[in-house]
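In: sequence below, structure please.
(one chain, ligands or ions: 1)
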Amino acid sequence: MIIAVDGPAASGKGTLSRRIASYYELAYLDTGTLYRGVGWVMLSKNLDPGDEAAAGETARSFSLEQIAGADIRTPDVGRAASRVAALPVVRAALLDFQRQFAAKPPHGAAGAVLDGRDIGTVVCPDALVKFYITAAPEERARRRHEELRQRDGGLSYEMTLEDIKRRDARDSGRETAPMRPAADAQFIDTTKLDADAVFARACRFIDNAIEDRNEAVG
Ligand code: CDP
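Out: Have a look, this model is predicted:
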């Protein structure tokens, strides 16, 4: 059972994905970690995230151990992630890991929740349920600003909003696997919904899909 959760930055897809994974006992992969990880390694080596050859090499040799203890949630790493994510060599190098995770979830879990930008369209086009989680950019900036306020490198609200809009434009405008809802995605706009309401709505879709699948199997 694969659940795909896509959407733009700070839309609430991580919160929703973790809750789905815990409730349905599925493994969870935040695929943004992989792109942020490659971005972080590039920055830590003083490499330009737009350098295609270096980014490709970094992505091919990337492992999660390389970023153990690293703070990859900063705005700088987010920007670097979005730049390396636009490079086809990087996406190709990270695709296998994501598909393997979905096909053979760790710890013997019966399935997986993957969140990102292209899960429903590219990584897991056969997912049982696909969500596209959105929210107004101003609300997403408010949440991200709140989340990062306490840290070094946190931006003002205005700069956070600008950062989010620029990242949205790059992520949806790139040629390879752009951020886009799958044709059969369920949309949830979280602008005016709290985490419980979003989760309840998502569960209805998932429970219906499980029921339909069980009926089809007989
Ligand atoms: O946490 P936030 O929503 O800010 O972003 P993220 O999910 O950590 O992803 C960081 C960046 O990685 C995004 O802006 C995308 O450019 C890229 N990404 C991607 O291209 N494809 C994915 N499946 C996941 C992330």
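
In: for the ligand, what are the nearby residues on the protein?
Out: Counting by C-beta under 6 Å from any ligand atom, the chain comes close to the ligand at 9-10, 31-32, 35-36, 78, 81-82, 85, 116-118, 167, 171. The C-beta positions use only the backbone N, C-alpha and C, and glycine is treated the same way.

In: how about the longest helix anywhere in the chain as PDB, C-alpha atoms only?
Out: Looking only at the chain and at elements set by DSSP state H, the helix with the highest residue count is helix 195-217. The C-alpha trace of helix 195-217 is given here as PDB (Å, rounded to 0.1, in the frame of the first residue of the first chain):
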ATOM      1  CA  ALA A 195      -3.700  19.200  11.200                       C
ATOM      2  CA  ASP A 196      -6.600  17.100  12.700                       C
ATOM      3  CA  ALA A 197      -9.000  18.200  10.000                       C
ATOM      4  CA  VAL A 198      -6.600  17.500   7.200                       C
ATOM      5  CA  PHE A 199      -5.800  14.100   8.600                       C
ATOM      6  CA  ALA A 200      -9.500  13.200   9.000                       C
ATOM      7  CA  ARG A 201     -10.100  14.200   5.400                       C
ATOM      8  CA  ALA A 202      -7.200  12.200   4.100                       C
ATOM      9  CA  CYS A 203      -8.300   9.100   6.100                       C
ATOM     10  CA  ARG A 204     -11.700   9.200   4.400                       C
ATOM     11  CA  PHE A 205     -10.000   9.000   1.000                       C
ATOM     12  CA  ILE A 206      -7.600   6.200   2.100                       C
ATOM     13  CA  ASP A 207     -10.300   4.100   3.800                       C
ATOM     14  CA  ASN A 208     -12.500   4.400   0.700                       C
ATOM     15  CA  ALA A 209      -9.600   3.300  -1.500                       C
ATOM     16  CA  ILE A 210      -8.800   0.300   0.800                       C
ATOM     17  CA  GLU A 211     -12.500  -0.700   0.700                       C
ATOM     18  CA  ASP A 212     -12.700  -0.400  -3.100                       C
ATOM     19  CA  ARG A 213      -9.500  -2.400  -3.500                       C
ATOM     20  CA  ASN A 214     -10.700  -5.200  -1.200                       C
ATOM     21  CA  GLU A 215     -14.000  -5.400  -3.100                       C
ATOM     22  CA  ALA A 216     -12.100  -5.600  -6.400                       C
ATOM     23  CA  VAL A 217      -9.900  -8.400  -5.000                       C
END
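
In: roughly how far is it from the heart of the chain?
Out: For helix 195-217, the distance between its averaged C-alpha position and the chain's averaged C-alpha position is 21 Å (C-alpha atoms, centre = their mean, to the nearest Å).

In: what's in contact with it?
Out: Residues outside helix 195-217 that contact it (C-beta atoms under 8 Å, 6 or more residues apart in numbering): 1, 3, 12, 15-16, 19-20, 23-24, 128-129, 131, 133, 186, 188, 190, 193.

In: which of the residues of the chain next to the ligand fall within helices?
Out: Of those, the ones assigned to helices by DSSP H are 32, 35, 36, 78, 81, 82, 167, 171.

In: this structure: strands as residue ranges?
Out: Using DSSP state E, the strands assigned to the chain run over residues 2-6, 27-30, 112-116, 129-134, 186-189.
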